[in-house]
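Student: generate a structure from the sequence data that follows.
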Amino acid sequence: MALLLRSPWGLRFREAFLQAVRSRSVSGVLGVRAKHGDAGSITKHEPSHAKSEWRKKLTPEQFYVTREKGTEPPFSGIYLNNRESGMYHCVCCDSPLFSSEKKYCSGTGWPSFSEAHGTSGSDESNTGILRRADTSLGSVRTEVVCKQCEAHLGHVFPDGPGPTGQRFCINSVALKFKPGKP
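Tutor: Numbering: from 1, shown residues only. Here you go, the predicted structure:
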């Protein structure tokens, strides 16, 4: 972690990110901050707050990640190494999203989960998440958003552990951890 942040790329990324968060302007972060393309909203409701209300409720970093589809720097999140039992909720609306029982260390720099809370086999209809196509950055990825408030949480990749083979790569600032029995 320290090596990455001391590297020329890591320092530039961290400095640009922190400057963008402080100024609340994220359009130029390293020139790679692109709008997420999506296949259309899966839900028919609008997010529960206007942008100005979200800015009042969230920290600048939380707003950048959850409402503007940003990403926190790798290895910087408060929940990356959290090993407590409990539930991870959406920082915006408090919806339960991921159980500590499905959290694992992927080595990627973000908290990783093998499945969302409420998953039954391959059925995610009782979870607090939605998947959306993300075509930003010139590739196709799968974005993970909160079903309740449409907050951007992170992405899911097909390189996780068995039996699901999924890696939900989630930003710590998009989560609120509640200790206890998951």
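Student: what is the end-to-end distance of stretch 75-85?
Tutor: End-to-end distance for stretch 75-85, by CA to CA, to the nearest Å: 21 Å.
Student: other residues contacting that stretch?
Tutor: 1, 4-5, 14, 88, 100-101, 103, 105, 109-111, 171-173, 175, 177, 179-182 (CB atoms under 8 Å, 6 or more residues apart in numbering). Where you see a C-beta, it was placed from the backbone N, CA and C, and this is true even at glycine.
Student: low pLDDT regions in this structure?
Tutor: 1-48 (pLDDT under 70).
Student: and the helices in it?
Tutor: 2-6, 8-23, 51-57, 60-68 (DSSP state H).
Student: hey, where'd the strands end up in this structure?
Tutor: Assigned by DSSP state E, the chain shows strands spanning 86-90, 96-99, 103-104, 112-113, 129-134, 141-146, 152-157, 167-170, 175-179.
Student: for residue 106, which residues are in contact?
Tutor: Counting by CB under 8 Å, 6+ apart, residue 106 has contacts 112, 160, 167, 169.
Student: so the last one touches residue 158, yeah?
Tutor: No. Counting by CB atoms under 8 Å, residue 158 is not a contact partner of residue 169; they are 11.6 Å apart.
Student: the two: who's more crowded?
Tutor: residue 169 (23 against 9; other CB atoms under 10 Å).
Student: just list whatever residues bridge to the more buried one.
Tutor: Taking DSSP bridges as the rule, residue 169 bridges to residue 112, residue 155.
Student: quick check: residue 158 vs residue 142, distance?
Tutor: Look at residue 158 and residue 142: by CB to CB, to the nearest Å, they are 9 Å apart.
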